[in-house]
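Enquirer: give me the fold of what follows.
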Amino acid sequence: MPEGFARAQDGTRLAYQVGGAGPPLVLLAGQANDHRWWDGVREDFEGAHRTITFDHRGTGDSDKPDEPCSTRGFASDVVAVLDELGIGSADVYGTSMGGRIAQWVAIDHPDRVRRLVLGCTSPGGPRATERDADVRRALAQPDPGAAERALLELMYSPEWLAEHDGPRCVLGDPDMPPHARRHHLAASNRHDAWEQLTAIRARTLVLHGTDDRMTPASNAELIAERIPDARARVLPGLRHAYFHEGRPATSELVLDFLADPD
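Expert: Numbering: from 1, shown residues only. Below you'll find the model as predicted:
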């Protein structure tokens, strides 16, 4: 897979990866994850699209500055990668924190986004539906093994976990330094695009699993009602990593949406 580096506005090096051929599709990973978040899924798109991923600052082969960051700042990093690749406009598909970032790309850089897909994400701010206290406690357990198991169970159904031993590509970049993890968590928690969502003009599809407790599914309807002409699909029985467990059907939903001429 072709790889390279772009430079963010502040000089941070951003590692990117390109695969497939066709109209460009940017795939944005979740919090504390690098491009491997999309392993096993990006292949679904590479027959019809040139896929572009990159390692968020703090992850993978990108630089890891010990400085505060924001989902809006991450959106500027996306544009830096597009500029490096000479891409004027692309489809953008973001999941989890990647969906928060994708919102800002479409808000702040409307000419760079043709179509927008927002998965298992939230508008942020006081109007969003937050995860419950039990979920927060489970993820904050001092025992790393117990916390990882809790995260897996938030990502996938028990049936899927029983049949799949790995790889666990949505559990975060294991080499991410602690300061970068803190900055990612703060950026995701501070996200609030509610007031600006009405400015999005890209055709938008919102996807969410009904059984997602990490980011409750009611956020999908909140986002779809806020973005003009957006449509939401809530997927029965799926959790936060719906895009893995729900393959190939969820990938086909995205491909159909991106190919629809209307």
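
Enquirer: how about the longest helix anywhere in the chain: buried residues?
Expert: Ranked by residue count, the top helix of the chain under DSSP state H comes out as helix 71-85. Using 16 or more other Cβ atoms under 10 Å as the test for burial, helix 71-85 gives 71-82, 85. C-beta here means a position set from N, CA and C on the backbone, and glycine is covered the same way.

Enquirer: what's the answer for stretch 177-192, then?
Expert: Along stretch 177-192, these residues count as buried under the neighbour rule (16+ other Cβ under 10 Å): A180, R181, H183, H184, A187, S188, H191, D192.

Enquirer: shaky segments in the stretch 151-262 of the chain?
Expert: Regions of the stretch 151-262 of the chain meeting the criterion pLDDT under 70 are absent.

Enquirer: now do the strands in it.
Expert: Using DSSP state E, counting those that start in this stretch, the strands of the stretch 151-262 of the chain run over residues 203-209, 231-235.

Enquirer: what's the answer for the stretch 1-150 of the chain, then?
Expert: 3-7, 13-20, 24-28, 50-54, 90-95, 113-119.

Enquirer: circling back: relative to E46, which of the buried residues of stretch 177-192 is nearest.
Expert: Distances from the buried residues of stretch 177-192 to E46 were compared by Cβ to Cβ; the smallest belongs to H184, at 27.1 Å.

Enquirer: could you verify my assumption that R131 touches M214?
Expert: Yes - the pair formed by R131 and M214 meets the contact definition of Cβ atoms under 8 Å, at 6.0 Å.

Enquirer: identify the residue spatially nearest to V105, adjacent ones excluded.
Expert: Using Cβ to Cβ, 6 or more residues apart in numbering and skipping the chain neighbours, the partner closest in space to V105 is A75 (4.5 Å).

Enquirer: neighbours of the residue lying closest to A48 once chain neighbours are set aside, just the number please.
Expert: Closest residue to A48 in three dimensions, ignoring its sequence neighbours and counting by Cβ to Cβ, 6+ apart: G22, at 5.1 Å. G22 has 13 neighbouring residues, counting by other Cβ atoms under 10 Å.

Enquirer: surely G22 meets A90?
Expert: No - here G22 does not reach A90: they are 11.2 Å apart, not a contact under Cβ under 8 Å.

Enquirer: state the distance from V170 to E225.
Expert: When distances are taken as Cβ to Cβ, to the nearest Å, V170 and E225 turn out to be 28 Å apart.

Enquirer: quick one, helices of this protein?
Expert: Taking DSSP H as the criterion, the chain carries its helices at 71-85, 97-108, 133-139, 144-155, 158-163, 178-190, 218-226, 242-245, 249-259.

Enquirer: which elements pack onto the second one?
Expert: By that I understand helix 97-108. For helix 97-108, the helices and strands in contact under the criterion 3 or more Cβ pairs under 8 Å, 6 or more residues apart in numbering; DSSP states H and E are strand 24-28, helix 71-85, strand 90-95, strand 113-119, helix 178-190.

Enquirer: out of these, nearest to A140?
Expert: Minimum separation from A140 across the helices and strands packed on helix 97-108 (Cβ to Cβ) falls at helix 178-190, 10.9 Å.

Enquirer: contacts made by that closest one with the rest, please.
Expert: The set of residues that contact helix 178-190 without belonging to it, under Cβ atoms under 8 Å, 6 or more residues apart in numbering, is 31-32, 56-59, 64, 66-71, 73-74, 97, 100, 124, 172, 176.

Enquirer: in PDB, list the C-alpha atoms belonging to that helix.
Expert: Extracted in PDB, the C-alpha atoms of helix 178-190 (Å, rounded to 0.1, in the frame of the first residue of the first chain):
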ATOM      1  CA  PRO A 178       0.300   8.300  27.500                       C
ATOM      2  CA  HIS A 179       0.300  12.000  26.800                       C
ATOM      3  CA  ALA A 180      -1.200  11.400  23.300                       C
ATOM      4  CA  ARG A 181      -3.900   9.200  24.800                       C
ATOM      5  CA  ARG A 182      -4.900  12.000  27.200                       C
ATOM      6  CA  HIS A 183      -5.000  14.500  24.400                       C
ATOM      7  CA  HIS A 184      -7.200  12.300  22.200                       C
ATOM      8  CA  LEU A 185      -9.600  11.600  25.100                       C
ATOM      9  CA  ALA A 186      -9.900  15.300  25.900                       C
ATOM     10  CA  ALA A 187     -10.400  16.200  22.200                       C
ATOM     11  CA  SER A 188     -13.200  13.600  21.900                       C
ATOM     12  CA  ASN A 189     -14.900  14.700  25.100                       C
ATOM     13  CA  ARG A 190     -14.800  18.400  24.200                       C
END
